[in-house]
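Undergrad: This is a predicted model, with the sequence first.
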Amino acid sequence: MERIKAPKGTADIFGKEANLYRYIEDVARSIFDIYGYCEIRTPIFEEKSVFTRSVGEETEIGKQMYTFADKKQRLLSLRPENTAGVIRSYIEHSLYSSSKCTKLYYLGPMFRYERPQAGRMRQFYQLGTEAIGSHSPLLDAEVIAMALHLLSELGINGYQLKINSIGCRKCQQTHTEQILLEVKKIKERLCSDCQERAEKNPRRILDCKNKACQEMTKCLPDTSSLLCKDCKDLFSEMIHSMELLEIDYIIDPRLVRGLDYYSKTVFEIQKEGLGAQNTIAAGGRYDYLVEELGGPSVPAVGFSAGLERLILSMDRNIPEQEPDIYIAYLSDYLEEAFLLANTLRKNCLSCLIDLEPKSLKNQLKEASSKAATWTVIIGDEIKNGKIVLKDMKREKQLEIKEEKIIEWLIKRKNPADPLYPVKKRR
RNA sequence: GUGAGCGUAGCUCAGCUGGUUAGAGUACUGGACUGUGGAUCCAGUUGUCGCGGGUUCGAAUCCCGUCGCUCACCCCA
């Protein structure tokens, strides 16, 4: 029999790792809450067109979608990212009618069919936000500030924030035209990827990683020289508010993002040492997307981050979950132990017990490997109504009356108590 | 889609240029310690050597194929 395995590019997350994911999600929720964002949970799959209309079918992400037909031959796709789904939902429920600026956040799995490697999976987890309904460049700065706030809360440092403006549709069009004009002259000498880009997405030639291409494309106009007056003003306002918030940034006039829907402000947060994937979070404005998906003409700005990459860039260890109590017992007293476990749990004390009787030595060993704070030992003393309570960290033990044990343990659970054992808990 | 490296015990790996019964550490179980954990020592359990074929008297070892994993390119979170 062949061993069944999780599909390529997917992973089972359990143990310490699951705690880490939950930790990040908890931190993210609390940060988003502080900035006034509300959670939205959209379906994991949507009609294919939701994504192809927003991301662009010809983009790499468009090609990497998991698409299938259901029993009624509806063409559906697993979401490769969540901005499109959130906007679809925003339009569907006319969220624009209830508030001027709708702030939403999401957490969950995304799917892209590609070759897995460090920091890149076929099913991966993203968190992100969308603020829909405001043109203010201050909001752009706020979104970036929030993203950085999240990183610092997670203990992630040593990153670089790169920002740029790719302008409105008009700027983008003239920019593309200018690039094509220049590229014509050197097209034959560019790498094959760039030649393809020239056809499909000329502006992306600007961030080709090929050294020879970079050398040749130095002369290409970047975004800074081409913004119209309005876009220029917006960008400098946004930069001004970044300074106000004392955020360090690098303006990268060659930063253009891969998704079709971006406009004006774009940004990336990068950190070295994550394998080949150095972008941990990215985002920007998408002032035309809502309209393109059939909604009113409403501007929006958002960002997203990949949990796998956040984890790679965190060097902090998350405290492990430790039980309060381990119940050890001599096999004669299984029922007493079983009952005690039940009582402790009813009192919100977490406890472990092995319901298959083992030697005391074995149980103590287990208690210490599971890092229980106390071990309760039920032995012959129970006949006199007494129970042994062992402080595992201080290696001391005492006998205590059976009926007092709950009270005693609850009291010791108070962190203010000087006897409260050193125990890390979030 | 392209390229490279690696698949041996639950986990981490050794096993060189083919040679008899496939190893270590760790984990697990028991004992030294008959009701007390992290240390030490002793003993025990664990394998279709990824799968299929070929070369050979003989293959974990060499060759071919295949599957899987990993990393990188591309792209991206």
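TA: Noted; the coordinates are in hand.
Undergrad: I figured A:Met121 hits A:Glu308, correct?
TA: Yes. With contact defined as C-beta atoms under 8 Å, A:Met121 counts as touching A:Glu308 (6.2 Å). (Glycine included, C-beta is placed from N, CA and C.)
Undergrad: any idea how far the residue of chain A found nearest RNA strand B lies from A:Gln64?
TA: Residue nearest to RNA strand B within chain A: A:Gly258 (1.5 Å; C-beta to the nearest atom of the strand). Distance of A:Gly258 to A:Gln64, given as C-beta to C-beta, to the nearest Å: 11 Å.
Undergrad: quick check, A:Glu268 in a helix?
TA: No. A:Glu268 is assigned strand when assessed by DSSP: H, G, I helix; E, B strand; the rest coil, not a helix.
Undergrad: Confirm for me that it is in contact with A:Lys162.
TA: Yes. In this structure, A:Glu268 is within contact of A:Lys162 by C-beta under 8 Å, at 4.9 Å.
Undergrad: how about the helices in chain A?
TA: Taking DSSP state H as the criterion, chain A carries its helices at A:16-34, A:48-51, A:60-63, A:83-92, A:137-153, A:169-186, A:192-200, A:211-216, A:229-244, A:289-292, A:307-313, A:334-346, A:360-369, A:405-413.
Undergrad: is it possible to export those helices to CSV including mean neighbour count and mean pLDDT?
TA: Shown next, in CSV, are the helices of chain A (neighbours: other C-beta atoms under 10 Å; pLDDT from 0 to 100):
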stretch, mean neighbour count, mean pLDDT
helix A:16-34, 16, 93
helix A:48-51, 20, 94
helix A:60-63, 17, 76
helix A:83-92, 22, 96
helix A:137-153, 21, 97
helix A:169-186, 15, 82
helix A:192-200, 14, 72
helix A:211-216, 14, 70
helix A:229-244, 16, 95
helix A:289-292, 20, 94
helix A:307-313, 22, 93
helix A:334-346, 16, 93
helix A:360-369, 15, 90
helix A:405-413, 16, 84
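Undergrad: Rebuild those helices as CSV, extending it with distance to RNA strand B.
TA: Below are those laid out as CSV (distance: least, C-beta to the nearest atom of the strand, whole Å):
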stretch, distance to RNA strand B
helix A:16-34, 12
helix A:48-51, 13
helix A:60-63, 3
helix A:83-92, 9
helix A:137-153, 11
helix A:169-186, 15
helix A:192-200, 5
helix A:211-216, 9
helix A:229-244, 20
helix A:289-292, 13
helix A:307-313, 5
helix A:334-346, 12
helix A:360-369, 3
helix A:405-413, 14
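Undergrad: mind putting these in JSON lines, distance to A:Gly275 included?
TA: Shown next, in JSON lines, are the helices of chain A (distance: least, C-beta to C-beta, whole Å):
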{"stretch": "helix A:16-34", "distance to A:Gly275": "17"}
{"stretch": "helix A:48-51", "distance to A:Gly275": "26"}
{"stretch": "helix A:60-63", "distance to A:Gly275": "18"}
{"stretch": "helix A:83-92", "distance to A:Gly275": "25"}
{"stretch": "helix A:137-153", "distance to A:Gly275": "18"}
{"stretch": "helix A:169-186", "distance to A:Gly275": "31"}
{"stretch": "helix A:192-200", "distance to A:Gly275": "21"}
{"stretch": "helix A:211-216", "distance to A:Gly275": "20"}
{"stretch": "helix A:229-244", "distance to A:Gly275": "29"}
{"stretch": "helix A:289-292", "distance to A:Gly275": "31"}
{"stretch": "helix A:307-313", "distance to A:Gly275": "7"}
{"stretch": "helix A:334-346", "distance to A:Gly275": "43"}
{"stretch": "helix A:360-369", "distance to A:Gly275": "33"}
{"stretch": "helix A:405-413", "distance to A:Gly275": "43"}
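Undergrad: mind checking which of those is nearest A:Gly283?
TA: Among the helices of chain A, the nearest to A:Gly283 by C-beta to C-beta is helix A:137-153 (6.5 Å).
Undergrad: report the angle between the axes of that closest one and helix A:229-244?
TA: Interaxial angle, helix A:137-153 versus helix A:229-244 (axes from the mean of the first three to the mean of the last three C-alpha atoms, to 10 degrees): 40 degrees.
Undergrad: Please export the alpha-carbon coordinates of helix A:137-153; CSV is fine.
TA: Extracted C-alpha coordinates of helix A:137-153, given in CSV (Å, rounded to 0.1, in the frame of the first residue of the first chain):
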residue,chain,number,x,y,z
PRO,A,137,-3.1,59.9,0.5
LEU,A,138,-3.1,59.9,4.3
LEU,A,139,-4.9,56.7,4.2
ASP,A,140,-2.1,55.2,2.1
ALA,A,141,0.3,56.2,4.8
GLU,A,142,-2.0,54.8,7.4
VAL,A,143,-2.2,51.4,5.7
ILE,A,144,1.6,51.3,5.6
ALA,A,145,1.9,52.3,9.2
MET,A,146,-0.6,49.6,10.1
ALA,A,147,1.4,47.0,8.2
LEU,A,148,4.6,48.1,10.0
HIS,A,149,2.8,48.1,13.3
LEU,A,150,1.9,44.5,12.7
LEU,A,151,5.4,43.5,11.9
SER,A,152,6.8,45.2,15.0
GLU,A,153,4.2,43.5,17.1
